[in-house]
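# kindly generate the corresponding structure for this input.
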Amino acid sequence: MTAAAQAAPATGSSTVFSYSSGWSTTGTEKWSNVTGSTATVAVTAGTGGSRFDLRGVRALNHGYAGVSVDGGPETRLNYYGTRNDGVRWSVTLAAGTHTIKVRVLGTKPSQSWGTIVSITGAYLSNGTFGSVTTPTTPTEPTPAPALPPTFQEDFDRAAELGSFRSVYSSWGHYDGTAPGDTSKRGIYDTNRTTSVANGVLSQRLHYNGSHYVSAVLPPIAGGGTDAWSGQLYGTFETRMRVTDPSANYKIAWLLWPNTDDWAHGEIDWPEADNLATGTRPRPASKQLGNYNSVFHPATTQYAPAAVSDGQWHTYRIEWTPTSIKFWQDSTLVATVTDPNFIPKVPMRWVLQSETNIGGSLNTTDPAVVDADYVRYWAR
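You can find the predicted model right below:
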């Protein structure tokens, strides 16, 4: 960063931000509930650094925002609460120029009845505001279906290690499945691997005498009570990241037939053969009517961003009777239209994180897989 001279405190209204489309104005407040809409502000912190405060309104119909500095990892902000205007987030900036971005996540606490994000201004203890150019349309993620999700989990209920199954009692799990995970080298055990804190579900895959892994099933049927009956068609979306890369483990977050018959198909997204740094996920849908490992797309197509880059990415499956579309953020990674590769039975959703298949394993390299939310829309 370029060093800056000592500067006086600076207070800015919502107008110091540059906004993508999707924002509305009420008095001095800017607000949006359009998923992916962004507000960006450039600042110059003076000598010795500066504190930056983001101000906004909390209300009972407000939801979550993601805020980042200089393109780094996002921090999730909760705008739900009794209506008040105040500081929603603060960060200490080193001397020099920085860009702060606020993004509408389109998610909310379960008790909220909206997903609005609000900006009323910003404050610098030692610096000046600049200007930036932002896109005219949201770029990440792609717009969600217009209707509210049929099922949504934002992980607002904390669950310490060992308590996930009781706190999220409507969720399914593969604990006790013999002979273990797909490679038969890992043991599914949510009590040892799966927890929820600060609005994030975490699967910590690790070795402690055995390789312990995790597979949990969102209750997308029965009005959020049934993880096992599955759904026929729909849109499945999750926002996930890998914060501790490891070649020991892989992910295959998938749709699996409720008949438990592989001949009825399988839809994988995201799937990555290992979670080493730089590994990019690929989508796949299995051929129907047999037990052969034949998948489409016929030519493997990889997402542009690595699954293990430490950043949040949104993954979406859009499954209809005539096509399956696979999205990473705003990129359509692949589309399957061959009817021999489009399942025709209800399918369960499994967040399956396990040992790699065929590769070597060591006992010292864990992995951590996080989910910010899961959402399902019936077709």
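
# which secondary structure element is home to the spatially most central residue of the chain?
The geometric centre of the chain, computed from its C-alpha atoms, lies nearest to Arg239 (C-alpha atoms, centre = their mean), at 1.3 Å. When elements are assigned from DSSP states H and E, Arg239 belongs to strand 234-244.

# where are the low-confidence patches of the stretch 201-350 of the chain?
Scanning the stretch 201-350 of the chain for pLDDT under 70 picks out no residues.

# would you map the strands across it?
211-217, 234-244, 249-257, 267-272, 282-286, 295-296, 313-319, 324-328, 331-336, 347-355 (DSSP state E, counting those that start in this stretch).

# which neighbouring elements make contact with the shortest one?
When contacts are defined as 3 or more C-beta pairs under 8 Å, 6 or more residues apart in numbering; DSSP states H and E, strand 295-296 packs onto strand 282-286. The way it works is simple: take the backbone N, C-alpha and C, and place the C-beta from them, glycine included.

# mind listing what Pro73 touches?
Neighbour list for Pro73: Gly310, Gln311, Trp312 [criterion: C-beta atoms under 8 Å, 6 or more residues apart in numbering].

# tell me who's in contact with the closest residue in space to the last one that isn't next to it in sequence.
Which is Trp312. Closest residue to Trp312 apart from its sequence neighbours, by C-beta to C-beta, 6 or more residues apart in numbering: Arg241 at 4.9 Å. Residues near Arg241 by C-beta under 8 Å, 6+ apart: Asp309, Gly310, Gln311, Trp312, His313, Val369, Asp370, Asp372.

# hmm, 10 Å instead?
73-74, 200, 307-313, 368-372 (C-beta atoms under 10 Å, 6 or more residues apart in numbering).

# likewise Ala306?
Val242, Pro245, Ala272, Leu275, Ala276, Thr277, Gly278, Thr279, Arg280, Pro281, His313 are the contacts of Ala306 under C-beta under 10 Å, 6+ apart.

# so which of those comes closest to Gly121?
Closest approach to Gly121 among the contacts of Ala306 (C-beta to C-beta): His313, at 30.4 Å.

# distance of the residue nearest to the centre of the chain relative to Glu354?
21 Å (C-beta to C-beta, to the nearest Å).

# likewise Leu361?
11 Å.

# the two - which one has more neighbours?
Set Leu361 next to Glu354 and count neighbours by other C-beta atoms under 10 Å: Glu354 wins out with 25 against 16.

# which residues are in contact with both of Leu361 and Glu354?
With C-beta under 10 Å, 6+ apart as the test, Leu361 and Glu354 both reach Ser183, Arg185, Gly186, His211, Asn248, Tyr249.

# neighbour count and distance to Gly265 for the residues you listed - can I get that in TSV?
Compiled in TSV, these are given as follows (neighbours: other C-beta atoms under 10 Å; distance: C-beta to C-beta, whole Å):
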residue	neighbour count	distance to Gly265
Ser183	17	21
Arg185	19	26
Gly186	26	24
His211	24	28
Asn248	27	28
Tyr249	31	25
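
# between those, which is nearest Arg88?
Arg88 has its nearest neighbour among the shared contacts of Leu361 and Glu354 in Tyr249, at 35.4 Å by C-beta to C-beta.

# for that closest one, name its beta-bridge partners.
In this structure, Tyr249 bridges to Thr355 when assessed by DSSP bridges.

# right, and it touches Asn362 too?
No - Tyr249 is not in contact with Asn362 according to C-beta atoms under 10 Å; the separation is 11.1 Å.

# what sits in contact with each of the two?
His211.
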